[in-house]
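1. Fold the following, please.
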Amino acid sequence: MSRQSVAKAHQKIQELSWEPMYHEPVSQYGTDYSFRKADKKDPLKQVLRSYFPMQEEKDHRVYGAEDGAIRGNMFRQVQERWMEWQKLFLSIIPLPEISAARAMPLLFRTVPNPELHNGQAIQMIDEVRHSTIQQNLKRLYMQNYIDPAGFNNSLRNFQNDYCGTIGRQFAEGFITGDAITAASIYLTIVAETAFTNTLFVAMPAEAAANGDYLLPTVFHSVQSDESRHISNGYATLLMALADEENHQLLERDLRYAWWNNHRVVDAAIGTFIEYGTKDRRKERESYAEMWRRWIYDDYYRSYLVPLEKYGLVIPHDLIEEAWNQIWNKGYVHEVAQFFATGWLANYWRIDPMTDTDFEWFEYKYPGWYDKYGKWWENYNRLSRPNGHHPIVAESVDYVYPHRCWTCMVPCLVREDMVIDEVDGQVRTYCHEECRWTDAEAFRPTYQGRSTPNMGQLIGKREWETLYHGWNWADVVSDMGYVRDDGKTLVAQPHLDLDPSKMWTLDHLRRMGPVLSPNVLLNEMTPEERAAFKADYNKQGPAGRPAPADA
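-> Below is the predicted model of the structure:
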């Protein structure tokens with residue numbers, strides 16, 4: 001189909017749209033933004049007649065590669081350490097895709113531009129396709145990998161998991177609250193334009209280095225659609241910029257969307273790339289190096305900064321702070337340590353770090369061993385049951401962290417943790433920006449302006465609160481993370497499948513109960529909370545207790 005005929009067909013489609021004059025349309029999904037019906041264009045025209053053959057060809061390549069992987073014995077060569085982390089990744093990632101598909105109808109009646117509606121409809125089809133090939137990939141792993149436990153139940157269970165709840169709140173941000181905030185700024189302007197670079201480009205590169213060439217095939221097929229989604233977001237952004245009344249909301253939403261994406265995507269993808277790999281070549285880029293190239297240079301400097309010419313205030317401080325978190329404050333390393341601390345409440349096996357890993361981390365992140373090396377040595381020492389508890393219940397100079405109410409990643413950079421009382425509840429936040437999101441941005445009034453369409457962060461958002469007072473064995477049983485024998489845990493702190501070296505429910509029954517830090521915090525007096533916060537802010541790095549006063 002020639003480019004000229006595509007353009008003509010795309011123009012013809014607009015004639016199918018009309019504004020009904022016989023009734024007042026009802027706004028199904030509200031927004032506090034206003035739009036002028038300016039003659040804005042879809043910069044990347046696409047019609048279904050050319051779209052479907054292209055996507056069919058891409059699907060043929062994906063499924064052909066999967067068939068080739070089985071015939072070529074890929075599963076005998078792939079690194080187990082890498083495959084185990086895919087149990088988490090591939091359980092979560094289809095939900096953001098489906099949420100993105102559901103987000104597009106939020107924009108159909110909100111953005112008054114029939115030309116863009118066509119692009120949004122095609123994006124909706126894209127997102128459904130993405131979730132389909134991703135779930136099929138997980139199914140293929142489950143059928144062929146040496147240890148299918150975890151792949152087989154994660155789709156129905158990840159949302160109540162120690163880590164999976166974080167991914168759920170991230171994905172549901174695409175479809176809750178103000179339609180433009182959720183489906184445009186948070187999804188297309190930030191998540192897809194910035195963070196899919198590390199998600200769908202850096203991740204596949206690491207997969208290939210670990211003998212997994214199926215994930216690159218699937219996720220490069222996904223990433224090749226993102227240019228259209230980025231185009232949808234940019235066109236909507238330009239329409240919003242045309243009305244100066246929207247600038248206040250755009251600046252609010254860019255801050256919220258950037259920070260929440262950083263907290264969740266960097267936590268997850270950074271951990272997968274740095275701690276899920278066996279590739280320790282010195283010339284391989286670290287996640288920090290990837291982030292600096294893909295997000296700081298390509299997104300921030302090339303995409304966000306030019307928006308200043310439209311009078312928009314860019315959150316320069318938050319971009320710099322995100323880099324500061326990754327490079328100077330060890331954010332990814334803190335997250336990986338937390339994931340491994342609670343290994344028993346997950347559904348994959350977390351491989352201990354070795355001397356080879358230590359050497360690579362020290363080379364890429366000077367000073368890493370002094371901060372994290374001893375803890376990982378303890379993790380290795382305590383990985384096989386031998387009369388001791390799992391590491392979460394042992395004395396290894398690690399203080400169990402509080403959860404952030406907003407992003408739900410724990411308050412791991414202890415110096416940044418803040419406390420506020422919101423809606424009658426005392427809450428902890430990993431950073432002042434997350435406190436601002438909950439207490440100021442997600443409110444029916446923002447800086448004196450009525451914003452009735454913003455949602456609020458409510459409910460039991462902390463995993464520990466769901467199981468406060470439960471025995472660990474009952475928690476794992478309730479989540480369903482037990483193998484077919486009814487007692488052996490799906491999760492293990494090592495990769496050895498020898499039954500004599502695997503943890504069971506009986507080992508967990510000897511432990512004390514799960515205690516929710518937030519429940520305990522709300523039981524404190526104001527004076528006790530002040531003392532607690534002062535102590536917490538002095539803790540770390542690597543969760544170490546605060547040093548004793550001289």
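2. Report the contact partners of Gln337.
-> Listed by C-beta atoms under 8 Å, 6 or more residues apart in numbering, the contact partners of Gln337 are 372, 375-376, 398, 412, 542-543. For the C-beta atoms, the positions are set from N, CA and C on the backbone; glycine is no exception.
3. no wait, Cys430
-> Applying C-beta under 8 Å, 6+ apart, the residues near Cys430 are 263, 404, 406-407, 409-413, 416-417.
4. And for Pro493?
-> The neighbourhood of Pro493, defined by C-beta under 8 Å, 6+ apart, consists of 340, 343-344, 349-350, 352, 379, 382-383, 390-391, 503.
5. Quick check: Leu107 is in a strand.
-> No - the assignment for Leu107 (DSSP: H, G, I helix; E, B strand; the rest coil) gives helix, which keeps it out of a strand.
6. What is the burial count for it?
-> 28 (other C-beta atoms under 10 Å).
7. So it is in contact with Asn118, correct?
-> No - taking contacts as C-beta atoms under 8 Å, Leu107 lies outside contact range of Asn118: 11.8 Å.
8. any residues in contact with both of the two?
-> By C-beta under 8 Å, 6+ apart, no residue touches both Leu107 and Asn118.
9. how about low-confidence regions in this structure?
-> Low-confidence segments of the chain (pLDDT under 70): 1-7, 9-20, 23, 25-27, 37-49, 550.
10. follow-up on the earlier one: tell me which two of the contacts of Gln337 sit farthest apart.
-> Largest separation among the contacts of Gln337 by C-beta to C-beta: Trp376 and Leu412, giving 15.5 Å.
11. Compare neighbour counts for these two and give me the winner.
-> Comparing Trp376 with Leu412 by neighbour count (other C-beta under 10 Å), the higher total belongs to Leu412, at 28 against 23.
12. now what about the helix or strand where Arg156 lies, what contacts it?
-> Using DSSP states H and E, Arg156 sits in helix 154-157. The contact list for helix 154-157, computed with C-beta under 8 Å, 6+ apart, reads 87-88, 90-91, 94, 135, 138, 164, 347, 479-481.
13. quick check, nearest of those to Pro204?
-> Leu90 (13.0 Å).
14. Next, work out how far apart that closest one and Arg61 are.
-> Distance from Leu90 to Arg61, counting by C-beta to C-beta, to the nearest Å: 19 Å.
15. In helices, which of the contacts of Gln337 fall?
-> 375-376 (DSSP state H).
16. Verify the stated contact: Leu95 with Ala171.
-> Yes - taking contacts as C-beta under 8 Å, Leu95 lies within contact range of Ala171: 4.3 Å.
17. ends of stretch 307-319, how far apart?
-> Using C-alpha to C-alpha, to the nearest Å, the end-to-end distance of stretch 307-319 comes out at 15 Å.
18. which residues touch Ala208?
-> Residues near Ala208 by C-beta under 8 Å, 6+ apart: Pro216.
19. That one falls within a helix, correct?
-> Yes - Ala208 forms part of a helix when assessed by three-state DSSP.
20. What's the separation between it and His247?
-> Relative to His247, Ala208 is positioned 43 Å away (C-beta to C-beta).
21. again, but for Gln86
-> Distance check for Gln86 against His247: by C-beta to C-beta, it reads 42 Å.
22. With neighbour numbers in mind, choose between those two.
-> Per other C-beta under 10 Å, whichever of Gln86 and His247 has more neighbours is Gln86, with 27 against 15.
23. ranges for the helices of the stretch 51-200 of the chain?
-> Under the criterion DSSP state H, counting those that start in this stretch, helices of the stretch 51-200 of the chain are mapped to 80-92, 94-108, 114-144, 154-157, 164-172, 179-180, 196-197.
24. got TSV for those helices, with distance to Ser50 too?
-> Shown next, in TSV, are the helices of the stretch 51-200 of the chain (distance: least, C-beta to C-beta, whole Å):
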stretch	distance to Ser50
helix 80-92	30
helix 94-108	19
helix 114-144	10
helix 154-157	33
helix 164-172	30
helix 179-180	29
helix 196-197	23
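25. Determine which of those helices approaches Glu421 most closely.
-> With C-beta to C-beta, the closest approach to Glu421 among these belongs to helix 164-172: 21.0 Å.
26. Report the inter-axis angle for the closest one versus helix 94-108.
-> Angle, helix 164-172 to helix 94-108, by axes from the mean of the first three to the mean of the last three C-alpha atoms, to 10 degrees: 20 degrees.
27. Which residues does helix 164-172 contact?
-> Helix 164-172 has contacts (C-beta under 8 Å, 6+ apart) with 88, 91-92, 95-96, 98-99, 154, 157-159, 260-261, 264-265, 267-268, 407-409, 461, 463.
28. 6 Å - rerun?
-> For helix 164-172, the external contacting residues (C-beta atoms under 6 Å, 6 or more residues apart in numbering) are 92, 95-96, 99, 158-159, 264, 408-409, 463.
29. again with stretch 513-527
-> So stretch 513-527 is contacted by 402, 426, 462, 464-465, 467-471, 475 (C-beta under 6 Å, 6+ apart).
30. Strands - which of those residues land there?
-> Among these, DSSP state E puts Val426 in strands.
31. are any of the contacts of stretch 513-527 buried, and which?
-> 402, 426, 462, 464-465, 467-468, 470-471, 475 (16 or more other C-beta atoms under 10 Å).
32. Out of those residues, which comes closest to Thr188?
-> Proximity of these to Thr188 (C-beta to C-beta) peaks at Glu462, which lies at 29.2 Å.
33. ok, the nearest residue to that closest one once chain neighbours are set aside to Asp478 distance?
-> Distances taken as C-beta to C-beta, 6 or more residues apart in numbering put Arg403 closest to Glu462, at 4.3 Å, once the chain neighbours are dropped. Arg403 is 19 Å from Asp478, where distance means C-beta to C-beta.
34. Settle it for me: which of the two has more neighbours?
-> More neighbours surround Arg403 than the other of Arg403 and Asp478, with 24 against 12 (other C-beta under 10 Å).
35. Tell me what the more buried one is bridged to.
-> Judged by DSSP bridges, the bridge partners of Arg403 are Pro410.
36. That one and Cys434, how far apart?
-> Taken as C-beta to C-beta, the spacing of Arg403 relative to Cys434 amounts to 11 Å.
37. Same check on Ile269?
-> Separation of Ile269 from Cys434 (C-beta to C-beta): 19 Å.
38. can you check Leu88 too?
-> Noted for Leu88: a distance of 22 Å to Cys434, by C-beta to C-beta.
39. repeat for Gln456
-> According to C-beta to C-beta, Gln456 and Cys434 sit 14 Å apart.
40. who's more crowded, those two?
-> Taking other C-beta under 10 Å, Gln456 and Cys434 do not tie; Cys434 has more neighbours (27 against 13).
41. which stretch of helix or strand covers the more buried one?
-> Assigned by DSSP H and E, Cys434 belongs to helix 432-436.
42. helices or strands next to that helix in the packing?
-> strand 418-422 (3 or more C-beta pairs under 6 Å, 6 or more residues apart in numbering; DSSP states H and E).
43. buried ones in the strand it packs on?
-> Using 16+ other C-beta under 10 Å as the test for burial, strand 418-422 gives 418-420, 422.
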